[in-house]
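Participant: Turn this into a model:
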Amino acid sequence: MPRKPLSLLPKTILIVGLLLLADPAAAAAHDPVAPVALHLTLGLAGALLAGFVATRLKQPAVMGELVFGVIVANAGLPFAAELRDSPAIDLLGRIGVLLLLFEVGLESTVRQMLKVGLSALLVATIGVVTPLALGWLVASQLLPAGSSPFTALFLGATLTATSVGITARVLQELGALDRPEARVILGAAVIDDVLGLVVLAVVAALIGAANAGEQLAVGPIALIMVKALAFLVVSLVLGVWATPWFFAWAARLRHPSTLLALGMGLCFGLSWAADWAGLAPLVGAFAAGLVLEEAHSEPYRARGERGLEELVHPVAQLFVPVFFVQMGLHTDLRALLQPGALLLGAALIGVAIVSKQACSLLVLQDKGPVDRLLVGIGMIPRGEVGLISAGVGSGLLVAGKPVVGPAEYAAVVAMVVATTLLTPPLLQWRLGVLGKAQR
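Facilitator: This next block holds a predicted model:
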């Protein structure tokens with residue numbers, strides 16, 4: 001009797017398992033691209049399996065990708081350290097999040113974002129002030145006696161910015177990017193980035209001034225704010241004005257790659273400009289997507305070519321999972337064994353969640369009903385933003401000691417892990433509730 005063929009899941013597990021048992025260090029490579037190819041194979045294979053399992057459990061695929069990275073990082077597998085520290089995987093992951101935000105921006109327009117502009121501004125402002133104040137208050141009560149007052153202030157600063165990549169991916173997977181709540185979240189997250197950057201700059205300047213025995217200099221902070229605002233205004237205004245005629249002119253070239261090359265060029269160009277302005281490059285990628293509308297693809301569609309969204313999507317699907325696996329790979333759960341880290345981490349998790357619910361109370365309802373709880377949940381994740389902020393703090397010294405020590409850094413890691421993993425299922429739950437209410 002012929003054997004019954006394996007189902008899709010066991011086959012996938014078998015293939016991925018064989019790949020994961022491989023030791024990349026043991027394979028001699030003659031071509032420098034070979035290690036990159038192997039690292040990318042491992043990352044994509046794991047993301048595929050984890051995303052498949054997550055969807056079978058009725059969870060967003062991003063949840064599985066994050067959990068896969070966390071498991072690999074903490075299970076002692078032979079390739080874990082090499083995969084985590086791979087410059088190629090790091091670079092591809094960073095490109096992945098740029099493509100994700102570019103793709104998300106393509107599904108909205110500047111005009112649509114302006115409709116929720118005041119709500120986004122209010123949400124972002126309260127979403128920075130409340131976590132900063134509550135984080136400072138809680139940390140100052142829980143830190144050991146003799147800790148620098150700047151430590152509590154810096155921990156509060158790490159809670160301010162929102163990691164929009166996670167929320168954007170979940171909303172995209174669930175087909176909810178056209179909801180007004182999604183536009184409020186995305187707009188607020190962009191403003192969050194500017195305000196969070198200013199907060200970190202102020203705190204770092206305070207520490208530098210205290211170490212030097214000087215007063216705080218306002219010039220560098222004002223320069224950051226001016227550059228950030230100038231970037232946002234110039235990129236959006238100039239983009240809306242210039243891109244329609246430029247894309248129409250480029251359509252005359254009749255090269256099959258023209259539309260994709262122009263779109264990706266704008267995405268990467270504005271990402272660089274955002275970095276120059278002191279902002280996260282993903283803000284530039286999102287701005288590039290916003291200024292491009294369906295009309296830009298019309299001359300290309302008219303001659304039978306695909307539109308920009310259709311061209312970008314398969315490229316994004318290749319690199320975006322690498323970013324979320326990479327986020328999980330940088331999560332060291334052993335850091336939570338540091339003395340006092342668990343209690344401080346639990347407190348920071350509570351503050352991270354509650355403070356972003358407070359910001360949703362200022363969502364305006366004049367443009368139609370907006371679910372405030374959904375907005376609050378979408379603003380919860382801190383992701384790589386929190387880790388980067390904590391990393392900055394660990395490099396700053398006060399009286400010869402790091403502002404963010406090992407225990408404090410571990411507490412931030414706990415907060416980042418919890419907010420990152422909680423957001424996808426919470427968003428799915430709330431959207432499900434709203435969907436049932438509308439039937």
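Participant: what residues are up against the closest residue to residue 300 other than its chain neighbours?
Facilitator: Nearest residue to residue 300, sequence neighbours excluded (C-beta to C-beta, 6 or more residues apart in numbering): residue 259, at 4.9 Å. Using the backbone N, CA and C atoms, a C-beta is placed for each residue, glycine as well. Counting by C-beta atoms under 8 Å, 6 or more residues apart in numbering, residue 259 touches 247, 250, 251, 297, 300, 305, 307, 308, 311.
Participant: Let me have the residues you listed in CSV, extended by neighbour count.
Facilitator: Listed next are the contacts of residue 259 as CSV, based on neighbours: other C-beta atoms under 10 Å:
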residue, neighbour count
247, 23
250, 17
251, 20
297, 22
300, 23
305, 18
307, 16
308, 26
311, 18
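Participant: Return the closest of the residues you listed with respect to residue 63.
Facilitator: The closest of the contacts of residue 259 to residue 63 turns out to be residue 311 (C-beta to C-beta; 27.4 Å).
Participant: if I look at the nearest residue to the closest one once chain neighbours are set aside, how far off is residue 290?
Facilitator: Sequence neighbours aside, residue 260 is the residue nearest to residue 311 in space, at 4.4 Å (criterion: C-beta to C-beta, 6+ apart). Between residue 260 and residue 290 the distance is 18 Å, computed by C-beta to C-beta, to the nearest Å.
Participant: Please identify which of those two sits among more neighbours.
Facilitator: Between residue 260 and residue 290, residue 290 has the larger neighbour count (other C-beta atoms under 10 Å), namely 28 against 17.
Participant: Could you report the distance from residue 430 to residue 316?
Facilitator: For residue 430, the distance to residue 316 - C-beta to C-beta - is 25 Å.
Participant: Which parts of the stretch 151-300 of the chain are helices?
Facilitator: Counting by DSSP state H, counting those that start in this stretch, the stretch 151-300 of the chain has helices at residues 164-173, 180-212, 219-250, 258-276, 281-291, 298-301.
Participant: ok, now the stretch 301-439 of the chain?
Facilitator: 308-329, 341-359, 372-378, 383-395, 406-438.
Participant: one step back: more crowded one of residue 430 and residue 316?
Facilitator: residue 316 (22 against 19).
Participant: Can you give me the pLDDT of the most centrally placed residue in the chain?
Facilitator: Ranked by distance to the mean C-alpha position of the chain (C-alpha atoms, centre = their mean), the top residue is residue 165 at 3.2 Å. pLDDT, residue 165: 75.
Participant: Then residue 106?
Facilitator: Residue 106 is given a pLDDT of 83.
Participant: Now do residue 79 against residue 429, distance only.
Facilitator: In terms of C-beta to C-beta, residue 79 sits 35 Å off from residue 429.
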